[in-house]
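[1] here is a sequence together with a model predicted from it:
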Amino acid sequence: MAQWSKEQVEAGQAVYTPKTFAVHDLFVHGLSNQAVWRCPTRRLQALYDRNVAARHLDVGVGTGYFLDKARWPVERPAITLVDLNEHSLKAAADRIERFGPDSVRANVLEPLHDIGRFDSVGLCYLLHCLPGTLPPILAQAGAAAWRHVVEYFTAHIRNPNTRAAYSRAVISFFW
């Protein structure tokens, strides 16, 4: 994390609180995906349905919306949630409690050690919250891919000005 200050890292996830989660799914999955990003929620859900596996790692978990609705290939998938934001971890873990997920509070811009092996890794709407480039978790797992096939999938907002604009819009919406 030497490239980024603690404040920069925490700023990307600061908007995600119990107060914002009260309307998050309606705002993001009911309005923003379709009207703003032009990517209907059903398309993102299909991405999860096609790619989740029996041992799944979800990074940047939000409210757990897609995990909750996913068509899992097994009755009881082993799910690990990774997020820096404790509110996100709790919201997602509570939502998919029936699966007994493991939760790991971590900064994905730093190496993650000994969190397990996974068949799928979801990073939906994570990258726009991060300063800089791709997190080390991708390089880490990518280096081990020759030993084990991993299905990565992601959805993110690519406009470089989006992070600031989205944060301003959400903050003005709620405050």
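    Arrived safely.
[2] show me where the chain has its strands.
    Secondary structure of the chain (DSSP state E): strands at 55-59, 78-83, 102-105, 120-124, 151-155.
[3] reformat those strands as CSV; add mean pLDDT, distance to Pro40 and mean neighbour count.
    (Glycine included, C-beta is placed from N, CA and C.) Putting those into CSV (pLDDT from 0 to 100; distance: least, CB to CB, whole Å; neighbours: other CB atoms under 10 Å) gives the following:
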stretch, mean pLDDT, distance to Pro40, mean neighbour count
strand 55-59, 90, 21, 24
strand 78-83, 94, 24, 23
strand 102-105, 94, 29, 15
strand 120-124, 83, 14, 23
strand 151-155, 49, 11, 16
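[4] residues contacting Asp94?
    Gly64 (CB atoms under 8 Å, 6 or more residues apart in numbering).
[5] picking that back up, for the strands of the chain, which one sits closest to Lys6?
    strand 102-105 (14.5 Å; CB to CB).
[6] just the CA coordinates for the closest one, please, in CSV.
    The C-alpha coordinates for strand 102-105 follow below in CSV (Å, rounded to 0.1, in the frame of the first residue of the first chain):
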residue,chain,number,x,y,z
ASP,A,102,-16.3,-16.8,6.0
SER,A,103,-15.6,-13.0,6.3
VAL,A,104,-12.1,-11.5,5.9
ARG,A,105,-11.7,-7.8,6.6
